[in-house]
Structure formats: C-alpha cells, structure tokens
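Novice: here's my sequence, what's the structure:
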Amino acid sequence: MTDGCSAWRTVENAIHYGCLVHARRRFDEALRATKKKGGLSKLPLQALKFFKVLYKIEKLARKGLS
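Specialist: Here you go, the predicted structure:
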C-alpha cells in the first residue's frame, strides 16, 4: 500500500490509498484562499466539518480498541 505521492506510482502491483490528512489540507487551503479574496465558500467549510466528525469517530474507535 502507498499514499498518493507520485514517487510511489512506479511501484508495480501496489494499491494506492488517499490520505485524509492530505485531503483535508486542500480544503483548508481553499478556505484560506477564499477568505483572502473577501468571499467565503461553503464547500470548504462543509468539508472541514465533515473531517472534524470523522476525526471524532476515529478517536472513539481508538478508545474502544484499548
């Protein structure tokens, strides 16, 4: 398994998975860019709220496994 780094694209028979941290970062960057332009897009805000819920679920799951 690899993440989306282009260096790993040459590995044969590898399964490439997306990383939530990298995905979240793009929405954070989009939100900051819209704030600089004086606007506020709802999409980055909605996405970041979604990630917040996912992180809460992961935290609860980790507690349940210990």
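
Novice: secondary structure element for Pro44?
Specialist: If you go by DSSP states H and E, Pro44 is part of helix 42-65.

Novice: check what contacts that helix and list those residues.
Specialist: By C-beta atoms under 8 Å, 6 or more residues apart in numbering, the residues outside helix 42-65 that reach it are Leu20, Ala23, Arg24, Phe27, Asp28, Ala30, Leu31, Thr34. Where C-beta positions appear, they are placed from N, C-alpha and C, glycine not excepted.

Novice: filter these down to just the ones in helices.
Specialist: Among those, DSSP state H puts Leu20, Ala23, Arg24, Phe27, Asp28, Ala30, Leu31, Thr34 in helices.

Novice: wait, the last one touches Ser41, no?
Specialist: Spelled out, that is Thr34. Yes - between Thr34 and Ser41 there is a contact under C-beta atoms under 8 Å: 4.5 Å.

Novice: flag the shaky bits of this structure, pLDDT-wise.
Specialist: Along the chain, segments meeting pLDDT under 70 span 1-4, 38-39, 66.
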